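[1] Fold the following.
(one chain, ligands or ions: 2)
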Amino acid sequence: MNILILGSGGREHTFTWKIAQSEKTTKLFVAPGNAGTAKIATNVAISVTDFPAIKKLVLDEKIEMVVVGPEDPLVQGIHDFFLNDNALKSIPVIGPDKSGAILEGSKEFAKEFMARHNVPTAAYQSFTAKSLEAGYEFLETLNPPYVLKADGLAAGKGVLIINDLEEAKVELKNMLVDAKFGNASNKVVIEEFLSGIELSVFVLTDGKNYITLPTAKDYKRIGEGDTGLNTGGMGAISPVPFADAEFMQKVEERIVKPTIEGFQKDEINYKGFVFIGLIKVDNEPYVIEYNVRMGDPETEVVIPRIKNDMVTMLTAVAEGNLDSVKLELDKRTATTVVAVSGGYPEAYEKGKEITGIDNVTDSIVFHAGTQLKGDTVLSSGGRVLAVTSYGNDFKEALATSYASLEKISFDKMYFRKDLGFDL
Ligand code: AMP
Ligand code: GLY
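    Ligands and ions are numbered 1, 2, ... in the order given. The predicted model follows:
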C-alpha cells in the first residue's frame, strides 16, 4: 500500500518510523516531512493545508491511505475534501471530518458535546463581546484562579489562567473586544479551575469500535519544575504511573465510552485518533480538552509501545472493523526528552548543524524541527529532536534518553533535565 503522512514534526517522524516497519507498506511519502522522515520515506515539499497539491500528489503517486498528523488540515476539512471529490473519495483519510474536528476547533462545541453526553468536565459558560458584562458577572461568582479559553484554534496559546479577578476581567475584554487571539477569541469559554495532576489518554476509533491506547504525560513548560512559558511539549512518559487500573476503569466508563457513543448519537464521522486531555482530581477523572489527533511529543512514547502492525490497525479504522484488532503492548515504559533551540518558545535561531545523532545506539532519535542540507542535518524549528528510550520504569528510561542526549549537540541546544520530577 502507498501511504502519505501529513506533517513535519516528531509525531510524524514516529508515524513514519512505525508505518515503514509494516510489510503492507510499499511506498511511503511525507508532506512536508523533516530530515528524519527523509531517511526512511520520500519527503514532498507541500503544505499540510494545500488540498489541491495534496490531491495531485495522491493521484500521481497512487496513494492508498492518508494519515493526518496535525489538527489544522482536519479542522479545515481535509477529510471532507476527500469525501466530496470523485477521484479521492475511495481513499481513506485517518482523521475525523469537520464534524469531528470541531471538537478541537471550538472549545465551546467541545464543552457542549461533553455536557450532552455526560462526560465529566469543569463547569463553564461562554461569552462574546455582546455578553462581556455577563462574563464579568460570571467571573465574580467563581473562585480564583480564573480559566479563560479562546474558543478557536490559537496554536496552543489560547488558554489564560489568572489569579486576580480584575486582571481576569481585563483579559476577558482583551480577548473578546480587542481580538487578543484574533478571530479565535471572538468567543471565550470561562471555566471553573480544577486542581489536580494532568495526563492524556489516546483512543483510536473507527467511529463505533475503539481501542484505548497507552496513557502518557507530557511536560509543557519550558523550565524545570514546570516553570516558565508553555511550549508544544518538552518530553513525555508512557505509561503514566498514577493512572492505575481502577482509575483507568473510571476513564473508560465515564469518558471514553460516552465520547465514542456521542460520536454515533451526534452522527459525527470520526475515523482516527482522539486525544483526551484529562485531569485527576481526588482520584476522579475530568476532561480538560479534546484534540482530534495524536499529541506531540506523546506520540513519541505511545506509538513505540504498540507492537501491532500500524497499517493493519489503520486499515481496520478505515474499514470500520477495528473490533478485529487486539492491542499488543510493550510493557516497558517509554520516555522521550525533547531538545529545543535556545530561546524557544520565544525567538530562537535556526540552521544550526546537529551532530552525533548517528552515535546514539540505545535510544530512538525522532526528528522534529530539522532539515537536510546535503548530508548535514540542520535545526529548522523550536523543538528539534525527541529522544525516546525504553526502560523497566520511567527513571531507567529517562536515564537512557539523557545519556543519548549527551552524544548529540547543536549550538544553544536545551532540554529539561527533570522530567518525571512530579511522579
Ligand atoms: P487546553 O488548551 O484546554 O488544554 O488548556 C491548556 C492548559 O490549561 C491545560 O493543559 C491545563 O494545564 C490548563 N487548564 C485548562 N483548563 C483548566 C481547568 N479547567 N482547570 C485547571 N487547569 C486548566
Ligand atoms: N503535547 C500536547 C499536544 O500535542 O497538544
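[2] ok, L59 to N2 distance?
    Applying CB to CB, to the nearest Å, the value for L59 to N2 is 11 Å. All C-beta atoms are positioned from the backbone trio N, CA, C, and that covers glycine.
[3] Give the phi and psi angles for the nearest residue to A41 once chain neighbours are set aside, as a check.
    Leaving aside its sequence neighbours, A41 sits nearest to L28 (CB to CB, 6 or more residues apart in numbering; 4.0 Å). When read as degrees, to the nearest 10, the backbone of L28 gives phi -120, psi 130.
[4] Nearest the middle, which residue of the chain would you pick?
    G295 (2.0 Å; CA atoms, centre = their mean).
[5] Surely that one is in a strand?
    No - per DSSP: H, G, I helix; E, B strand; the rest coil, G295 lies outside any strand segment and is coil.
[6] what residues are up against S47?
    A31, P32, A53 (CB atoms under 8 Å, 6 or more residues apart in numbering).
[7] who's in contact with the last one?
    Think A53. Counting by CB under 8 Å, 6+ apart, A53 touches I46, S47.
[8] which secondary structure element contains it?
    Using DSSP states H and E, A53 sits within helix 51-60.
[9] What mean pLDDT does that helix get?
    Average pLDDT, helix 51-60: 98.
[10] Tell me the first helix or strand C-terminal of that helix.
    Counting by DSSP H and E, the next helix or strand C-terminal to helix 51-60 is strand 65-68.
[11] strands paired with that following strand, and their directions?
    Partners of strand 65-68 in the sheet, by DSSP bridges, are strand 3-7 (parallel), strand 93-94 (parallel).
[12] and the residue located most distally from the centre of the chain, helix, strand or coil?
    No residue in the chain sits farther from the centre than E133, which is 34.7 Å out by CA atoms, centre = their mean. Under three-state DSSP, E133 falls in the helix class.
[13] ok, now the one 5 residues further on?
    When classified by three-state DSSP, F138 comes out as helix.
[14] what about it, how many neighbours?
    Each residue near F138 was counted by other CB atoms under 10 Å, and the total is 17.
[15] for whatever residue of the stretch 251-400 of the chain ends up closest to ligand 2, what are its contacts?
    For the stretch 251-400 of the chain, the residue closest to ligand 2 is G295, as judged by CB to the nearest ligand atom, at 3.5 Å. Going by CB under 8 Å, 6+ apart, G295 touches R11, S200, F202, A216, D218, G233, A236, F275, V302.
[16] circling back to that earlier point, identify each buried residue in the helix holding A53, please.
    F51, I54, K55, L57, V58 (16 or more other CB atoms under 10 Å).
[17] Could you dump these into JSON lines and include distance to A184?
    JSON lines is the format used below for the buried residues of helix 51-60 (distance: CB to CB, whole Å):
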{"residue": "F51", "distance to A184": "22"}
{"residue": "I54", "distance to A184": "24"}
{"residue": "K55", "distance to A184": "28"}
{"residue": "L57", "distance to A184": "30"}
{"residue": "V58", "distance to A184": "30"}
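[18] Of these, which is the nearest to N209?
    Distance to N209 across those (CB to CB) is lowest for V58, with 26.4 Å.
[19] That closest one and V66 touch, don't they?
    Yes - using CB atoms under 8 Å, V58 is in contact with V66, at 6.8 Å.
[20] pretty sure N2 contacts K27?
    Yes - N2 lies in contact with K27 (CB under 8 Å); the separation is 4.4 Å.
[21] tell me, what's touching the two both at once?
    Taking CB under 8 Å, 6+ apart as the contact rule, N2 and K27 both touch E61.
[22] can you pull the contacts of whichever residue of the stretch 101-250 of the chain sits closest to ligand 2?
    At 3.6 Å from ligand 2, G233 is the closest residue in the stretch 101-250 of the chain, using CB to the nearest ligand atom. The neighbours of G233, taking CB under 8 Å, 6+ apart as the test, are D218, Y219, K220, G295, D296, P297, E298, V338, R383.
[23] let's see it at 7 Å
    D218, Y219, K220, D296, P297, V338 (CB atoms under 7 Å, 6 or more residues apart in numbering).
[24] Same question for N230.
    Counting by CB under 7 Å, 6+ apart, N230 makes contact with G156, K220, R221.
[25] The first one: how many residues sit nearby?
    For G156, the neighbour count with other CB under 10 Å is 13.
[26] distance of it from I255?
    The gap separating G156 from I255 is 22 Å, by CB to CB.
[27] Where do the helices of this structure begin and end?
    Applying DSSP state H to the chain gives helices spanning 10-20, 35-40, 51-60, 71-75, 78-83, 98-105, 107-116, 132-141, 165-176, 245-251, 257-265, 299-302, 310-319, 394-405.
[28] what's next to the second one, contact-wise?
    So the one you mean is helix 35-40. Under CB under 7 Å, 6+ apart, the answer for helix 35-40 is 12-13, 16-17, 20, 30, 43, 366-367, 370-372, 377.
[29] Now for those residues: which two are most distant?
    Within the contacts of helix 35-40, two members stand farthest from each other by CB to CB: A20 and Q371, at 19.3 Å.
[30] higher neighbour count, these two?
    Set A20 next to Q371 and count neighbours by other CB under 10 Å: Q371 wins out with 21 against 17.
[31] so the more buried one touches G381, yeah?
    No - assessed by CB atoms under 7 Å, Q371 is found out of contact with G381, at 8.9 Å.
[32] what is in contact with these two at once?
    When contacts are counted by CB under 7 Å, 6+ apart, Q371 and G381 have no shared neighbour.
[33] and the stretch 251-400 of the chain, which of its residues are near ligand 1?
    Proximity of the stretch 251-400 of the chain to ligand 1 (CB under 6 Å from any ligand atom) is limited to residues G277, I288, E289.
[34] partner residues bridging the first one?
    Pointing back at G277 there. Beta-bridge partners recorded for G277 (DSSP bridges): S200, E289.
[35] quick one, what contacts it?
    By CB under 7 Å, 6+ apart, the neighbours of G277 are E198, S200, V287, I288, E289, N291.
[36] and it, what pLDDT?
    Note on G277: pLDDT of 97.
[37] Also the last one?
    Per-residue pLDDT puts E289 at 95.
[38] Can you tell me which residues in the stretch 151-300 of the chain are near ligand 2?
    D218, G233, N291, G295, D296, E298.
[39] how many other residues sit next to the residue of the stretch 251-400 of the chain found nearest ligand 1?
    Nearest residue of the stretch 251-400 of the chain to ligand 1: E289, at 3.6 Å (CB to the nearest ligand atom). For E289, the count of nearby residues is 19 (other CB under 10 Å).
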